[in-house]
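Participant: predicted model follows, preceded by the sequence.
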Amino acid sequence: MLLMVAATASAQSVDSARAGVAPGRTAAQRDSALVPPLSPRRAFLMSLLIPGYSQLRLQRPNGAALFGAAEIVSIGMARKSALDLREARRGARDSVVLAFQTDPVTGRVVLDSITGKPKAATYERNRNTPARIAARRTHYEDWIAAILFNHLISAADAYVAANLWDFPVNVKGGISARHSAQVVATLQW
């Protein structure tokens, strides 16, 4: 019976009426004007790595400038906070001279014969160091969190922008003659 099915299938021919019919439009043949410049997933991932990059690809230069500027400022401030933290940690090994050795006869400060600098009689370790290190560490962590926040918000914005890239909306803002703020959005159907 299996041999009869195979023999029957090879004896069949293509219907001549269907041979001339062109196939319908497929997803690959869509109009190029409807194809987004980036898929939402790709836009999300690209802006997660480089904030503002997907906004540029989606023709949103103001958003790209905002996220790029926030990234530059956050990186600069994180670097400055890291330097402040390092300086505070170095200060932990520092001390302050409270009194110098004096000659009991003349009352003058005794100088070191090798360095020529006054000799310390008593000194105290830096008292403000633990609190200063904790504050500097907090500042540094805050700027790292700002960088991560900027990456996530930029990625979320790029995802939404990629999904709504062909949405026809015109938003205008301004101040009216009565000195009140107005936001007007126009949707075209």
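Facilitator: Alright, I've got the coordinates. Numbering: from 1, shown residues only.

Participant: list the buried residues of the longest helix along the chain.
Facilitator: Counting residues, the longest helix in the chain under DSSP state H turns out to be helix 129-163. When burial is assessed from 16 or more other CB atoms under 10 Å, helix 129-163 yields the following buried residues: 129, 132-133, 136-137, 139-140, 143, 146-147, 150-151, 154-155, 157-159, 161-162. Backbone N, C-alpha and C define where each C-beta goes, glycine included.

Participant: strands of the chain, start to end?
Facilitator: 95-100, 120-125, 169-175, 181-187 (DSSP state E).

Participant: by contact count, what packs against the second one?
Facilitator: Yep, that's strand 120-125 we're talking about. Where contact means 3 or more CB pairs under 8 Å, 6 or more residues apart in numbering; DSSP states H and E, strand 120-125 is packed against strand 95-100.

Participant: pairing partners for the strand it packs on, with directions?
Facilitator: Looking at strand 95-100 with DSSP bridges, its paired strands and their directions are strand 120-125 (antiparallel).

Participant: can you give the contact residues for the partner strand?
Facilitator: Contact with strand 120-125 is made by 94-102, as judged by CB atoms under 8 Å, 6 or more residues apart in numbering.
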